[in-house]
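**Student:** Sequence and predicted structure are below.
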Amino acid sequence: VQLQASGGGLVQAGGSLRLSCIASGRTFSNYYMGWFRQAPGKEREFVSAISRTGDKTDYADSVKGRFTISRDNTKDTVYLQMNSLKPEDTAVYYCAAGMGVVRAEKMYGFWGQGTLVTVSS
């Protein structure tokens with residue numbers, strides 16, 4: 001499956017952004033989806049994941065209560081709504097397709113190219 005992430009940009013602290021990731025090539029609804037991010041000089045980290053039907057989600061503690069993951073299987077798209085953004089949320093955000101609502105990168109076999117989110121203070 002091919003993944004194309006979009007929606008990144010520059011936003012002030014406290015603002016919001018919605019990332020989108022559209023899939024093509026294979027049946028989107030067969031895959032669990034995740035979002036990861038990599039800040040400058042840091043390793044990539046788990047942000048959120050969602051089950052195939054959207055009934056189960058998981059969030060990193062650092063974004064819980066501020067970010068919401070969702071998906072629309074009719075549009076082959078997964079979203080990440082990011083509210084109350086902080087400068088420490090600045091990173092390249094990647095969507096990924098895998099086989100479980102899991103945090104381990106190795107469980108995701110397909111990755112998008114990433115979209116940059118910059119939060120200014």
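**Tutor:** Now that the structure is in, tell me what you want to look at. Numbers count the residues shown, from 1 in each chain.

**Student:** Grab the nearest non-local neighbour of the residue most central in space within the chain.
**Tutor:** Nearest to the geometric centre of the chain sits Trp35, at 2.6 Å (C-alpha atoms, centre = their mean). The shortest distance from Trp35 to any non-neighbouring residue, by C-beta to C-beta, 6 or more residues apart in numbering, is to Val47 (4.3 Å). In this view, the C-beta of every residue, glycine as well, is placed from N, C-alpha and C.

**Student:** Buried residues, the helix or strand harbouring the one you found. List them.
**Tutor:** In this structure, Val47 is located in strand 45-50 according to DSSP states H and E. For strand 45-50, the neighbour count (16 or more other C-beta atoms under 10 Å) marks 46-50 as buried.

**Student:** tell me which of the residues you listed is nearest to Asn30?
**Tutor:** Asn30 lies nearest to Ile50 out of the buried residues of strand 45-50, by C-beta to C-beta, at 13.4 Å.

**Student:** Write down the beta-bridge partners of that closest one, one by one.
**Tutor:** Met33, Thr57 (DSSP bridges).

**Student:** That one reaches Thr68, doesn't it?
**Tutor:** No. Under the criterion of C-beta atoms under 8 Å, Ile50 makes no contact with Thr68, lying 9.9 Å away.

**Student:** which residues in this structure form helices?
**Tutor:** Counting by DSSP state H, the chain has no helices to list.

**Student:** gap between the residue nearest to Trp35 and Thr74?
**Tutor:** 24 Å (C-beta to C-beta, to the nearest Å).
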